[in-house]
Structures are given as C-alpha cells and as structure tokens.
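**Q** attaching a predicted model along with its sequence, questions to come.
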Amino acid sequence: TQYYDKFTDDLRQEIFDAALGDPEMWKIEDVLEGGGAYLSGSKAMHYLELHDEAWPSSGGQRIVKTIDGSLPHDDMWAKGRVKLGQGVVMFAAGVPAILQGSEWLEDTDFGTGLGNRIDWGKKITYAPIYQYMKDIIGERRTNSAFRANAGIDVYKVDEANNVIVWQRFDGSGNVAVVVANFSNANRLNYRVGMPSAGTWYELINSQASVYDGNGLGNGGQVSTEGIAWDGQSQSAVLTVPQMGLLVFSKTAPVPTDVPTGPAPQLEKMRFESVRPNPTRAEAIAVFHLPAATEVRMDVFDIRGRLVTRVANETFPAGRQRVVWDGRAGSGERAPAGIYFMKLESGGSTVTKKLILLK
C-alpha cells in the first residue's frame, strides 16, 4: 500500500474551492476511480490530512484552520467540509487513514514540541463530530461493500449542482450508494438514480442534527420510483444538505441508544452500561428494573441481523447483570465489529452499542 497523493491533493483542493462555490466534480470522479493498477484498491492509501498537511515546518496546518481562519476554527463550514471530506475518504475504495485528533476537529498543528500535543478535551467539546467519525468508521469496517478492493462505480457527476454519486458493491450482492454534495446550498427535491427498486435506508447523514449539522435529510429512508435516471432503472427524490454526505443501503440499521415506548416506564428502567467496551471476550450488560418483570436481551450486528439471544426470563427488581460471551447462537465466536445489545422490558426498548475486538 502506498499514498495516493493525487487523491488527497484533489480532494482537499475541491473542499477548499467549495468556499468559492466552484468545486470540480470531475476531479473527484477521477480520484475515486483510482490511479491505475498500483494505486487502486488495497494498494492505495487515502486521507484528508496527515502529518505533512498539518505540519507548519512543511508549510501546512490543520485543515480546520484553512477552512476557518478565526479561532476556534469550528464554524459551520469547518465542521461541514471536514465531515464531507472524511466521509469521501472512508467510503472510497482503498485504505483510509486519519491523523490523530482529526476525529474531533483538532486545530493544534502537528509537531514535536509540547505545544503540539493534541487536546483530548475536544473529544467532549466536539462530541457530535467524534460520534460521526466513529459511525462512519463502524460502517466502513462492518459493511463488506466498503472493503478496500470492493467495486466502485461513479455514475452521477453533476457539475451544475456540485453533487457526485457513486455505488460500492461486493461479490455477494451487498450494495451501498454514497451521495456527496460539495456545494454551499441544500439540494431539495433532488433526483438520484438508484441501483435497484424498493426502500433504501439512510445509514449516514453527515449533516444530521446528532452530528451537529443543519438537520436536513430524508427521515432515515427513501423509496424508489420506476423512473430511469443517471443510467439506473430506478430513482428516488432526495434532500441532500449543503456539504452533506449520505450513505444508503437496502439493509435497515439498528438504532442505538434510542429509547422507545411509554415515557414513564423508560424513566424507571435504565440500561446503565455495557462493559468492558471495547472488549475482546465477554461483555457485561448492567441494567436497573423498578419491579420484577420479564426481560429479553438480544445481540444484533451492524446490519441488523440477530446474532444471539442472551436473556429471556423474569428478573427481580433492582440492579441486574447479563453476560454475553462474544459468541453467536451457533456457538462460534462472533467476528470483530460493532454490535448492539437490545434490552426489552415492559414494552420499552433501549439499545447500547458494543465493539468486539479480535
């Protein structure tokens, strides 16, 4: 694997040109399609910024400082364009790389002095950006359509609206569609061709409110129409927010940390923690019940598939623990990746995310 410098240079330049309203989508198409036999797939490493780009000694600085020249370098454009750029890196073919601190909008330049130490407090200050980075990495790691050598097809290059669309796919029929809007305008009622008919779920929206975006999106899913568009037999009308990156899949995601059901019960039933997290072996789920009640706890993978059921019984009131041994229902060890432990009791549901390491 070697650095594909043209990918980084062109991506950064079009991110910067977006400030002037004139990014060139054909350049993004060009680098997404790879640099030939030795600069494509697993042989190419992609990134938005690494040491040289963020090192004053080589003429660089952190990208947030270039986008927003005023302290604290965190305006809506810095947030939006960094999320967009990191999303393009993560969902392109090839091997993605991240400079430590980029996951929380670090503005401390790279260097060897005490003053160059990254500020871990920004992990809390910019928690929504950090969560976005965690989620796109999780999707990249667990969706085989995003493997380094998985297929890529750029099928929409809209220079007038500064939008580019590509699909990623593997040999098993897994397909994902990525929509990237480099413009400063929201694209409303925007039609995009889709590879197949039916419901497509919005797995990632970089401008979702939870990621400190403007909150525009598609409500988690869209349905196609039999209208041919962009070389595809089906299409859907989307809301594509400014500086937004959207990822769609035919497989529904599992919601995380989103309680549902009657509010009074949720206020009393608490899913306190899953620990250790990450884990290499077993994980202990700790929860509190206001009264003796039947509890069901299931483990799902990132694609929403049931891995195993770890509890389905009546528990007494108080603090309880359930252990998942890291194995699927078949008895085999579950592969490394992101999982969700779903607690159901009294008509209420709460889900916690868990990372299983090798």
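**A** Okay, I see it. Model, not experiment: these values are computed from the prediction.

**Q** so what's S57 scoring on pLDDT?
**A** Model confidence at S57, given as pLDDT, is 91.

**Q** now V247
**A** 97.

**Q** and the contacts of the helix or strand hosting it?
**A** Applying DSSP states H and E as the criterion places V247 in strand 245-249. Outside strand 245-249, the residues that touch it by CB atoms under 8 Å, 6 or more residues apart in numbering are 83-84, 87-88, 91, 136, 139, 143, 145, 174-181, 194, 200-206, 217-218, 222, 238, 240. Yep, even glycine has a C-beta here, placed from its N, CA and C like the rest.

**Q** wait, D52 touches R12, no?
**A** No. Between D52 and R12 there is no contact under CB atoms under 8 Å: 11.6 Å.

**Q** which of those two has more neighbours?
**A** Between D52 and R12, R12 has the larger neighbour count (other CB atoms under 10 Å), namely 18 against 15.

**Q** that one: what secondary structure?
**A** helix (DSSP: H, G, I helix; E, B strand; the rest coil).

**Q** how near is it to V88?
**A** Remark: distance between R12 and V88 (CB to CB, to the nearest Å) = 11 Å.

**Q** same question, N116
**A** Counting by CB to CB, the gap from N116 to V88 is 27 Å.

**Q** the bottom helix or strand of this protein by mean pLDDT?
**A** One helix or strand of the chain scores below all others by mean pLDDT, DSSP states H and E: helix 263-268, with a mean of 42.

**Q** so which helix or strand takes in V31?
**A** V31 belongs to helix 25-32, assigned by DSSP H and E.

**Q** hmm, back to that, any residues in contact with both of R12 and V88?
**A** What both R12 and V88 touch, as defined by CB under 8 Å, 6+ apart, is the set L48.

**Q** what separates stretch 235-248 from the chain centre, distance-wise?
**A** Mean C-alpha position of stretch 235-248 versus that of the full chain (CA atoms, centre = their mean, to the nearest Å) differs by 14 Å.

**Q** did I read that right, Q86 in a helix?
**A** Yes. Secondary structure of Q86 (three-state DSSP): part of a helix.

**Q** please look at it and Y130 and confirm they touch.
**A** No. If you go by CB under 8 Å, Q86 and Y130 don't touch, sitting 11.5 Å apart.

**Q** these two: who's more crowded?
**A** Neighbours per residue (other CB under 10 Å) separate Q86 from Y130, with Q86 holding more: 25 against 17.

**Q** what sits against that one?
**A** So Q86 contacts 48, 98, 102, 133, 136 (CB under 8 Å, 6+ apart).

**Q** so what pLDDT did it get?
**A** So, for Q86, pLDDT stands at 98.

**Q** so how far is I136 from it?
**A** Here Q86 is placed at a distance of 7 Å from I136 (CB to CB).

**Q** again, but for Q2
**A** Distance, Q2 to I136, by CB to CB: 23 Å.

**Q** point to the residue nearest the middle of the protein.
**A** Taking CA atoms, centre = their mean, the centroid of the chain lies closest to I136, which sits 2.0 Å from it.

**Q** name the element that one belongs to?
**A** Per DSSP H and E: helix 127-142 holds I136.

**Q** which residue ranges of the stretch 51-200 of the chain form helices?
**A** Per DSSP state H, counting those that start in this stretch, the stretch 51-200 of the chain carries helices over the ranges 63-67, 76-91, 122-125, 127-142.

**Q** which residues of the stretch 201-350 of the chain score low on pLDDT?
**A** Applying pLDDT under 70 to the stretch 201-350 of the chain picks out residues 254-268.

**Q** next: the stretch 51-200 of the chain.
**A** Across the stretch 51-200 of the chain, nothing is flagged by pLDDT under 70.

**Q** quick one: the strands in it, in order.
**A** Using DSSP state E, counting those that start in this stretch, the strands of the stretch 51-200 of the chain run over 95-96, 151-158, 163-169, 175-181, 187-194, 199-205.

**Q** can you tell me which of those strands is most buried?
**A** Ranked by mean neighbour count under mean count of other CB atoms under 10 Å, those are led by strand 175-181, which reaches a mean of 24.

**Q** sheet partners, orientation included, of that one?
**A** In the sheet, strand 175-181 lines up against strand 163-169 (antiparallel), strand 245-249 (antiparallel) (DSSP bridges).

**Q** residues near V210, how many?
**A** Residues lying near V210 (other CB under 10 Å) number 12.

**Q** gap between it and L306?
**A** V210 sits 25 Å away from L306, going by CB to CB.

**Q** I338 too?
**A** Note on I338: its distance to L306, by CB to CB, is 15 Å.
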